[in-house]
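Colleague: Next come a sequence and a model predicted from it.
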Amino acid sequence: MKKLAALLLIITAISASCKKDPDPVNTDTTPEMARDTLYYIMKQWYYWYNLMPSVTKENYPDPYKLLEALRYKETDKWSFVADYDKFIAEMQGTFVGHGIRIGLDNSYKARIAMIYSQSPLYMEGVRRGWIIKSVNGFDIAAILLSNDRNAYNNAIGPSSAGITNTFIFQKPDGSEVTITSTKQSFTINSVLLYDTLHLSSGITGHLVFESFIQPSEEELKAAFTFFKACNVTDLILDLRYNSGGYLSIAQQLASYIAGNSKEGVVFAKLSYNNKSQSANSSFPFQKTTYPLALSRLAVITTRLTASASEAVMNGLAPHLNVAGIGDTTMGKPMGMNGWPCAKKYFFWPVTFKIVNSANLGEYYDGIVPSKLTPDDISRDFDDRNEECLKEAINWLQTGSFSGKGAASFSRSVIYSEKPSWMNNAFVIKE
């Protein structure tokens, strides 16, 4: 990693100012300067540089449009250019909105699929599973059923502080409540829940983890401190809404699970294009203060499970029995390095492939679960009758899954306030 960091430091020193004079705090950078810098980076570091369309960079006014022109669209759905300040804020856990994900259950009712504990609606008592009858008079269920993103955005408004929406909810007891909520900025909790389940197979840890971001390090430490104190012997890791983030946090999570006997063993290997082979590197399992050293792991997944989450599953697979429950994951066996540009832009092109210690990866079609199980958004994460949790418990206690087959499986439509670029595995220079 030190070699990689040094190489990236050279590139980022050039790109930080986006002009010949390397002044990293320069604020006069033009979109054209940024575009030219991105073009250089893509030529050298982009994983599919040899498959990029041939373009005249001067035909594109800014780095956003240039990246879209250069991106190898057949495979690459992930490379992006971000506003520098917004990217830093979001990876530090700053969030603007109501702090919810809305889903459609198998009865075509709109429900709260997920909610952050510091969000405005959480403070009003709203929880996962609550039915949303309407928002500002709009039938949200009908909008989700039509999968009309524009109609959804029109109904709920932009992710800007000060936007007010009126929700009519149906609570689990059948009563209705009207709540007017104003979108605001708050810090999200990436660990949505951690607790223990006392099963016939022993004490099992239960962790619902939503994103690999900067605050996750301390949140995971608290969870695994608790698990270690409770002497858990198994773990149910719920990654159903976890679409990625920093690979270093994925490395930490995997290290807690694998235990200290795996210290130094390869968790993940990063492979770059043939111009940048000297940057190839490994992420080993690390020594932790609160290791679990598990022999098996139940992981709950959906199509929103991506990137760093998939890297955890793939990286642990050669070392313990990993059983997936839920839906096939998104399928992103790639990662990216970041180049800040004059504190105005952040460039994140796909730069490497991720494989495990057995050199297995390339799961572009997603990681298929051991048991297809619908995301039961009618129940909270800790409800033992929630379909995915129930299957995970059954597997841990019996070694097998229920007889219900794939014919009963249905996939929920889930809308999030999060930006789509969060579906990534990031490596940032040290």
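Modeller: Okay, I see it. Model, not experiment: these values are computed from the prediction. Numbering: from 1, shown residues only.

Colleague: burial measure for Ile249, as a count.
Modeller: Counted with other C-beta atoms under 10 Å, residues neighbouring Ile249 total 25. C-beta: built from backbone N, CA, C; applies to glycine.

Colleague: Not counting sequence-adjacent ones, nearest residue to it?
Modeller: Among residues not flanking Ile249 along the chain, Phe212 sits closest, at 3.9 Å (C-beta to C-beta, 6 or more residues apart in numbering).

Colleague: and that neighbour, what pLDDT?
Modeller: pLDDT, Phe212: 95.

Colleague: measure it to Cys388 for me?
Modeller: Phe212 sits 20 Å away from Cys388, taking C-beta to C-beta, to the nearest Å as the criterion.

Colleague: follow-up on the earlier one: Ala250 is in contact with the residue nearest to Ile249, correct?
Modeller: Yes - with contact defined as C-beta atoms under 8 Å, Phe212 reaches Ala250; the gap is 5.6 Å.

Colleague: quick one, strands of the stretch 201-350 of the chain?
Modeller: 202-209, 234-238, 245-246, 266-272, 281-284, 296-301, 321-326, 334-337, 339-341, 345-348, 350-355 (DSSP state E, counting those that start in this stretch).

Colleague: residues near Phe226, how many?
Modeller: Using other C-beta under 10 Å, Phe226 has 16 neighbouring residues.

Colleague: pLDDT value on Glu217, please?
Modeller: So, for Glu217, pLDDT stands at 96.

Colleague: quick one: it and Ile249 touch, right?
Modeller: Yes - at 6.3 Å, Glu217 counts as touching Ile249 under the criterion of C-beta under 8 Å.

Colleague: before we move on, back to that, which one, of the strands of the stretch 201-350 of the chain, ends up nearest to Thr187?
Modeller: strand 245-246 (14.9 Å; C-beta to C-beta).

Colleague: quick one: average pLDDT of that closest one?
Modeller: What strand 245-246 shows for mean pLDDT is 92.

Colleague: chain center to it, what's the gap?
Modeller: Chain-centre distance of strand 245-246: 7 Å, with C-alpha atoms, centre = their mean, to the nearest Å.

Colleague: Kindly report the same for stretch 278-295.
Modeller: So, by C-alpha atoms, centre = their mean, the centroid of stretch 278-295 is 20 Å from its chain's centroid.

Colleague: Keeping just the C-alphas, turn that stretch into CSV.
Modeller: The C-alpha trace of stretch 278-295 is given here as CSV (Å, rounded to 0.1, in the frame of the first residue of the first chain):
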residue,chain,number,x,y,z
SER,A,278,3.5,-1.6,-10.2
ALA,A,279,0.4,-0.4,-8.2
ASN,A,280,-1.0,-4.0,-7.8
SER,A,281,-1.4,-4.6,-4.1
SER,A,282,-3.0,-6.7,-1.4
PHE,A,283,-5.2,-5.9,1.5
PRO,A,284,-4.4,-8.4,4.3
PHE,A,285,-6.5,-9.3,7.3
GLN,A,286,-5.5,-7.2,10.2
LYS,A,287,-5.1,-7.9,13.9
THR,A,288,-8.0,-6.5,15.9
THR,A,289,-8.7,-6.1,19.6
TYR,A,290,-12.1,-7.7,19.3
PRO,A,291,-11.8,-10.6,16.9
LEU,A,292,-14.6,-13.2,16.5
ALA,A,293,-12.7,-15.9,14.5
LEU,A,294,-15.9,-17.4,13.0
SER,A,295,-16.1,-20.6,11.0
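
Colleague: so how far is stretch 202-217 off the chain centroid?
Modeller: The answer for stretch 202-217 is 12 Å, by C-alpha atoms, centre = their mean.

Colleague: Name the nearest residue to Met114, ignoring sequence neighbours.
Modeller: Arg101 (4.1 Å).

Colleague: Going by neighbour count, list what's buried in stretch 320-330.
Modeller: Under the neighbour-count criterion of 16 or more other C-beta atoms under 10 Å, stretch 320-330 has Val322, Ala323, Gly324, Ile325, Gly326, Asp327, Thr328, Thr329, Met330 buried.

Colleague: Poorly predicted segments of the stretch 151-300 of the chain, please.
Modeller: Low-confidence regions of the stretch 151-300 of the chain, defined by pLDDT under 70, are absent; no residue qualifies.

Colleague: who touches stretch 68-78?
Modeller: Stretch 68-78 has contacts (C-beta atoms under 8 Å, 6 or more residues apart in numbering) with 39, 42, 46-48, 51-53, 55, 60, 79, 307, 332, 334, 336, 350, 364, 421, 423-424.

Colleague: Select from the residues you listed every entry located in strands.
Modeller: The members of these that map onto strands under DSSP state E are Met334, Met336, Val350.

Colleague: returning to what we had before: which of Phe212 and Ala250 has more neighbours?
Modeller: Between Phe212 and Ala250, counted using other C-beta under 10 Å, Phe212 has the larger neighbour count: 32 against 29.

Colleague: And the more buried one, how close does it get to Val126?
Modeller: Phe212 sits 26 Å away from Val126, going by C-beta to C-beta.

Colleague: and if you look at Phe87?
Modeller: Taking C-beta to C-beta as the measure, Phe87 falls 29 Å from Val126.

Colleague: So what's the gap between stretch 206-221 and the chain middle?
Modeller: Stretch 206-221 sits 11 Å away from the centroid of its parent chain (C-alpha atoms, centre = their mean).

Colleague: Next, the distance between the ends of that stretch.
Modeller: Chord length of stretch 206-221, first to last residue, is 14 Å (C-alpha to C-alpha, to the nearest Å).

Colleague: now swap in stretch 98-113 and tell me
Modeller: First-to-last residue span, stretch 98-113, C-alpha to C-alpha: 13 Å.

Colleague: Buried residues, it. List them.
Modeller: Buried-residue list, stretch 98-113, by 16+ other C-beta under 10 Å: 98-106, 109-113.
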